[in-house]
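J.: For reference, the sequence and a predicted model appear below.
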Amino acid sequence: MKLLILEEWVVDFNPLMNEEDQEIFYETHGESYKKFQNKIEEISKKNGTEPYQHVWTRVDGESGRLILLNGYHLVNRIDFCVTEKPWGTGDLKTDAKKYIEVTYEDMNDWNDDDMP
């Protein structure tokens with residue numbers, strides 16, 4: 001397990017903006033989800049990686065804390081984001097065991113001005 005704070009995650013993985021909505025998060029349904037799917041396909045082709053390696057899920061954690069987790073998660077999911085740098089190796093067996101948690105106090109800690 002690897003624990004990161006938000007600022008480390010931004011530097012290490014470079015979250016990509018959803019250009020149309022000017023934020024990094026994508027809804028889990030509808031048009032926003034289609035944009036999300038297109039974005040992960042685009043970045044994985046560009047990098048020669050698997051799409052899942054660029055997916056992060058924002059979830060409602062314990063005591064109302066928001067956290068980001070690498071990969072797709074369904075339980076307590078709020079939305080998804082895409083990073084330029086992959087979190088995994090591309091080996092499903094190895095990546096299935098990899099757990100990265102990014103913590104921050106609340107949504108107000110996420111400031112788009114902090115983006116690289």
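T.: Perfect, thanks for sending it.
J.: Parallel or antiparallel, which strands does the lowest-mean-pLDDT helix or strand in the chain pair with?
T.: Least confident helix or strand, the chain: strand 100-104 with a mean of 88, by mean pLDDT, DSSP states H and E. Applying DSSP bridges, strand 100-104 is found paired with strand 2-5 (parallel), strand 66-70 (antiparallel).
J.: Of all those strands, which one is nearest residue 38?
T.: Taking Cβ to Cβ, strand 66-70 is the member of the strands paired with strand 100-104 nearest to residue 38, at 20.3 Å. Where you see a C-beta, it was placed from the backbone N, CA and C, and this is true even at glycine.
J.: can you list contacts of the next helix or strand after that closest one?
T.: On the C-terminal side of strand 66-70, the nearest following helix or strand under DSSP states H and E is strand 77-82. Identification of contacts with strand 77-82 by Cβ atoms under 8 Å, 6 or more residues apart in numbering yields 15-16, 24-28, 33, 36, 39-40, 43, 54-60, 66, 68, 72.
J.: Kindly recompute the last result at 7 Å.
T.: Outside strand 77-82, the residues that touch it by Cβ atoms under 7 Å, 6 or more residues apart in numbering are 15-16, 24-28, 36, 39-40, 43, 54-60.
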